[in-house]
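# sequence and predicted structure, then a few things I'm wondering about:
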Amino acid sequence: MKILVAVKRVVDANVKIRVKADNSGVELTNAKMAINPFCEIAVEEAIRIKEKGQADEVIVVSIGDKACQEQIRTSLALGADRGIHVEAEDGVQPLAVAKILKALIDKEGIGLVLLGKQSIDSDNNQVAQMLAALGNMPQGTFACAVELTDGKVKVTREIDGGEQTVLLSLPAVISSDLRLNEPRYASLPNIMKAKKKPIDTVTPADLGVNTASGLKIIAVEPPPARSAGVKVADVDELISKLKTEAKVI
C-alpha cells in the first residue's frame with residue numbers, strides 16, 4: 001500500500017509574523033519557514049505505519065514554488081521515501097489543492113491519504129473533506145489515533161463531546177490532530193540520505209487541474225491591540241463599567 005502525505009510550507013509557528021506596510025499580505029522576507037505542524041504530524045504517522053510493515057511507500061507532496069522542496073526534503077529526512085513537487089504560484093485555494101491531490105491519488109494508486117487537519121496560516125480546515133468528497137472516499141478527520149487492521153483503518157476522532165471512533169474502508173482520507181503523535185527529529189545520517197531521494201516535479205496542468213482562483217484578498221490587518229486592564233474598588237464600580245464602558249450588560 002502507498003501512503004500519500006500532503007505538506008504545506010508555512011511561517012514557523014514560533015515566529016511572530018508582520019503584516020506588509022501596504023496590507024497586501026504577511027511579510028515573508030527573511031522569515032523562517034517550516035512544515036505546517038499538523039502536516040508534520042501526518043508525516044510522522046505515515047512513517048510509523050510503514051515501520052509496522054503496513055505500507056510499502058510513503059510519498060510526500062507539496063504545492064507551491066520551488067522553495068517547497070525544502071519541506072519535502074525535511075519530510076524525506078524524517079523517513080518518507082519519495083517526494084512530489086507540484087510547481088504552482090502561491091495562494092492555491094483549498095478546492096484546487098484537493099483536485100491536485102485527487103489526480104495524484106489516481107495516478108499513483110494511493111491506498112491511504114494523510115493530511116494535517118488545517119494549516120496555521122489560513123486555518124481553513126477544508127482540504128481533507130473536499131478530497132474525500134471528490135474521490136468518494138471515507139474520511140476520518142481530527143484523528144488522535146489511527147490503527148490499520150484487516151484491510152480497514154480505525155480512526156479515533158476528537159469531537160466537541162470527547163472522542164468518536166470510526167472504521168473506514170481503504171482507500172481513505174485522514175486528517176491529523178495534535179494528539180495523534182509526537183513528530184521525531186531527523187538524524188544527521190537521514191538528512192544526508194534524503195539528499196539522494198527522488199523528488200518529481202509536475203505542474204497542475206500536467207494533472208489536468210486549473211488552479212485559477214475566484215477569491216481576491218482585499219486587505220490583511222493585524223488584530224487590534226488589547227487595552228490594559230483596570231482595577232475597580234468594589235462590585236458596584238465593576239457593574240457600572242460593564243454597563244457604561246464594556247456595554248456587555
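It's in.

# on the pLDDT front, check the closest residue to residue 111 other than its chain neighbours for me.
In space, and not counting its chain neighbours, residue 111 is closest to residue 1: 3.8 Å by CB to CB, 6 or more residues apart in numbering. Glycine gets a C-beta too; all of them are placed from N, C-alpha and C. pLDDT recorded at residue 1 is 93.

# same question for residue 203.
In this model, residue 203 carries a pLDDT of 93.

# on that earlier part again, so the residue nearest to residue 111 sits right up against residue 112, yeah?
Yes: between residue 1 and residue 112 there is a contact under CB atoms under 8 Å: 6.4 Å.

# which of these two has more neighbours?
Using other CB atoms under 10 Å as the criterion, residue 1 and residue 112 rank with residue 112 on top: 26 against 16.

# hey, where'd the helices end up in the chain?
For the chain, helices defined by DSSP state H occupy the ranges 37-51, 69-78, 94-108, 127-135, 188-194, 235-244.

# so what does the fifth one touch, helix or strand wise?
With contacts taken as 3 or more CB pairs under 8 Å, 6 or more residues apart in numbering; DSSP states H and E, helix 188-194 sits against helix 69-78.

# ok, residue 243 to residue 82 distance?
63 Å (CB to CB, to the nearest Å).

# likewise residue 231?
Note on residue 231: its distance to residue 82, by CB to CB, is 61 Å.

# of those two, which one has the most company?
Between residue 231 and residue 82, counted using other CB under 10 Å, residue 82 has the larger neighbour count: 18 against 6.

# hmm, residue 197 and that one touching each other?
Yes: counting by CB under 8 Å, residue 82 touches residue 197, with 6.4 Å between them.

# got a list of what the residue lying closest to residue 124 once chain neighbours are set aside touches?
In space, residue 124 comes closest to residue 94 once its chain neighbours are excluded; the distance is 5.3 Å by CB to CB, 6+ apart. Counting by CB atoms under 8 Å, 6 or more residues apart in numbering, residue 94 makes contact with 124, 126-127, 130.

# scan the chain for its longest strand.
Counting by DSSP state E, the longest strand found in the chain is strand 139-149.
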